[in-house]
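Participant: Got a sequence here, can you model it:
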Amino acid sequence: MTESKIDVFIPTYNRAHFLTQALDCLCDQGLPRGKYVVVISDNCSEDDTPAVVEEYRDRLEIVYHRNEKNIGGRANWDIAMGLSESPYFVWLPDDDLLAPGQLGRALSVLETHDNAVLFATMAVLQQWPGHPDSLLHGQFLKADAQTSYSEPYVWDRTEWLALALVTTPLSLIGSVFQRSAFDRCELWRRYQMWADRSFLAEMALYGDVVSLPWIGGYYRTGEHQTNHQQSEIYGYEFDLVTQDILALCKEWNLPVIEFWADQLRRSTYPQKEKYSVMLKRTLPPAAYQELKEVLPPEMRGTGRLERWGVPESIADLLRTVRHPVRMREWKRSPLRW
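Facilitator: Presented below is the predicted three-dimensional model:
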């Protein structure tokens, strides 16, 4: 354990059937056993979780802690974080999966890129393997047809924060954090549901974010999810995180509004339409107005529906319904209410 480079933190509660699959995926990570530790904090599960953990001790380096009672999800994350202190870590909810070899690829990139503090990855969102509504989460805003599929993609800081304004940038699942940089992040403790969006954004202030354009993880969707169950309670946090990110960008002199204006100028028409809907739905009115003011005059006009007298809110919804992918995004958005 003294040679460990990466901790994989798994807080769990009554998910033995999912935990088995999570531990299975960790047996094939392209690293020797001693290079990573699986840290499991059990929130006093009432199922077969302890037995599942024991089944994997001969294949994985495991630190297992069991709380005497259920102390809640956020406190259980904190317990897990305190059980091991390798220089890098991954957060892996007990129902999600890492792609094979993900830790080995991530560590290779992080250790050869001097200023890297976060290896961020794309993930597939799906209820089960091959689900017809599976969705890829993650996009590289400045990528083009010449972008390599094998060389690391190094994010411009403004680009990363601009993406964080409108969505969770890439995915928590499969992303690897430098612990010393993460310890400097402060905003995330304000939030229950959108903490990951906050700290993923803030990591870019303390070093480089690097990625490989491959799938790094699998995010299991469904009614069992804590986020699904709490979306109506904590959905309002999305707006607050946006405001926090805007404040950080102002403090660090990052021109995220100008970035989006440039992104809209050089995007194709379908991309412009998609970005415009995202920005209008997520930016505070003052920030959206600022964006419109820095766009060329020909890009400031209202759409055809608005010119026909349809209110903007109804026009946005109608445009969303026309596009199935965007409709799925709208259904998941806590702002839809």
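Participant: my guess is Phe18 meets Trp128, correct?
Facilitator: No: Phe18 lies out of contact with Trp128 (C-beta atoms under 8 Å); the separation is 11.8 Å. In this view, the C-beta of every residue, glycine as well, is placed from N, C-alpha and C.
Participant: more crowded one of the two?
Facilitator: Phe18 (18 against 9; other C-beta atoms under 10 Å).
Participant: who touches that one in this structure?
Facilitator: 94-95, 220 (C-beta atoms under 8 Å, 6 or more residues apart in numbering).
Participant: Kindly reformat the residues you listed as CSV containing pLDDT.
Facilitator: Compiled in CSV, these are given as follows (pLDDT from 0 to 100):
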residue, pLDDT
Asp94, 94
Asp95, 94
Arg220, 93
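Participant: Show me how far stretch 289-297 is from its chain's centre.
Facilitator: From the chain centre to the centre of stretch 289-297 is a distance of 29 Å (C-alpha atoms, centre = their mean, to the nearest Å).
Participant: List the buried residues in that stretch.
Facilitator: 291, 295 (16 or more other C-beta atoms under 10 Å).
Participant: Can you show me the CA trace of that stretch as CSV?
Facilitator: Once non-C-alpha atoms are left out, stretch 289-297 reads as follows in CSV (Å, rounded to 0.1, in the frame of the first residue of the first chain):
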residue,chain,number,x,y,z
GLN,A,289,-27.6,39.8,-22.1
GLU,A,290,-23.9,40.4,-21.9
LEU,A,291,-23.3,37.5,-24.3
LYS,A,292,-25.8,38.9,-26.8
GLU,A,293,-24.1,42.3,-26.7
VAL,A,294,-20.7,40.9,-27.7
LEU,A,295,-22.2,38.9,-30.6
PRO,A,296,-22.2,40.3,-34.1
PRO,A,297,-25.5,42.1,-34.9
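Participant: what mean pLDDT does it have?
Facilitator: For stretch 289-297, mean pLDDT rounds to 84.
Participant: Please parse this structure into its domains.
Facilitator: 1-95, 96-252, 253-336 (automatic domain parsing).
Participant: which of these has the lowest average pLDDT?
Facilitator: Mean pLDDT values for the domains of the chain show the minimum at domain 253-336, a mean of 74.
Participant: Look up how far Val53 lies from Phe177.
Facilitator: 24 Å (C-beta to C-beta, to the nearest Å).
Participant: Looking at the two, which one has more neighbours?
Facilitator: Just comparing Phe177 and Val53: by other C-beta under 10 Å the higher neighbour count belongs to Phe177, 26 against 22.
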